[in-house]
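Chemist: A structural model of the following input is requested.
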Amino acid sequence: MKKFLVGLFISAILIACNNEKPAEQKDESSAVPVPEAKMQPVEFADPKYMEMGKNALAALSKGDVAGWMNGYADNAVFQWNNLDSAVGKAAITDYWTKRRTESIDSITFTNMIFLPVKVNQPQSIEQPGVWLLGWYTVNAKYKKTGKRMIQLLHTDIHFNSSDQIDRVIMYIDRVPVNAAMK
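Modeler: Below is the predicted model:
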């Protein structure tokens, strides 16, 4: 019993010595300065832009040029990788209306991949703001020849602060297009 009481006494002393109050404990994490969150040059943007891209392509597939153009700003620029371009919503609408009514019998887009990104700090010549990067397969049948053109496309779409498209850059190989039109 004596050993038990001695053991209990020693245990009580050890517990008392090691039982510091939480307020008296040192918070070592506060001693280390927390770095401020640094803005990343590029970050993911809202997934709603992916739906906007899919809806626009669906409208163009149906021949609904007005639906295709619905999200465009009045001052939009549509540029191709060969540096040709259409400037202004009216000019872009005229171009696509003519293509869909006179040249393209049908057009579909498959294997779509969209990546919405927000450019906070441009790394080159790109505009800051939201970009929707799109990759997909286009399958177009031409009216005059009945031939098909199938190829992979890459498109960069920039949105202004009102979520309207103000710049499109389409990377397309004109060789298959020209062959299908001959």
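Chemist: my guess is residue 39 meets residue 120, correct?
Modeler: Yes - shown here, residue 39 and residue 120 form a contact pair, counting by CB atoms under 8 Å, at 5.3 Å. No exception for glycine: its C-beta is placed from N, CA and C like everyone else's.
Chemist: so those two - more neighbours on which side?
Modeler: For residue 39 versus residue 120, neighbours defined as other CB atoms under 10 Å are more numerous around residue 120 (12 against 8).
Chemist: quick check: the more buried one touching residue 127?
Modeler: No - under the criterion of CB under 8 Å, residue 120 lies out of contact with residue 127, with a separation of 11.6 Å.
Chemist: find residues that contact each of those two.
Modeler: Between them, residue 120 and residue 127 have no joint contacts when contacts are counted by CB atoms under 8 Å, 6 or more residues apart in numbering.
Chemist: helices or strands up against the longest strand belonging to the chain?
Modeler: In terms of residue count, the longest strand belonging to the chain (DSSP state E) is strand 104-119. Contact here means 3 or more CB pairs under 8 Å, 6 or more residues apart in numbering; DSSP states H and E; on that basis strand 104-119 packs against strand 42-44, helix 48-61, strand 129-142.
Chemist: what's the offset of it from the middle of its chain?
Modeler: Here strand 104-119 is found 12 Å from its chain centre; the criterion is CA atoms, centre = their mean, to the nearest Å.
Chemist: contact partners of it?
Modeler: Applying CB under 8 Å, 6+ apart, the set of residues contacting strand 104-119 from outside is 41-50, 53-54, 57, 60-61, 100, 126-143, 146.
Chemist: could you list the low-pLDDT ranges of this protein?
Modeler: 1-31, 34 (pLDDT under 70).
Chemist: rerun that using 90 as the cut-off
Modeler: Low-confidence segments of the chain, defined by pLDDT under 90, are located at 1-39, 82-83, 122-126, 173-178, 181.
Chemist: end to end on stretch 166-176, go ahead and measure it.
Modeler: Between the start and the finish of stretch 166-176 there is a gap of 28 Å, counting by CA to CA, to the nearest Å.
Chemist: now it: buried residues?
Modeler: Counting neighbours by 16 or more other CB atoms under 10 Å, one finds that the buried residues in stretch 166-176 are 166, 167, 168, 169, 170, 172, 176.
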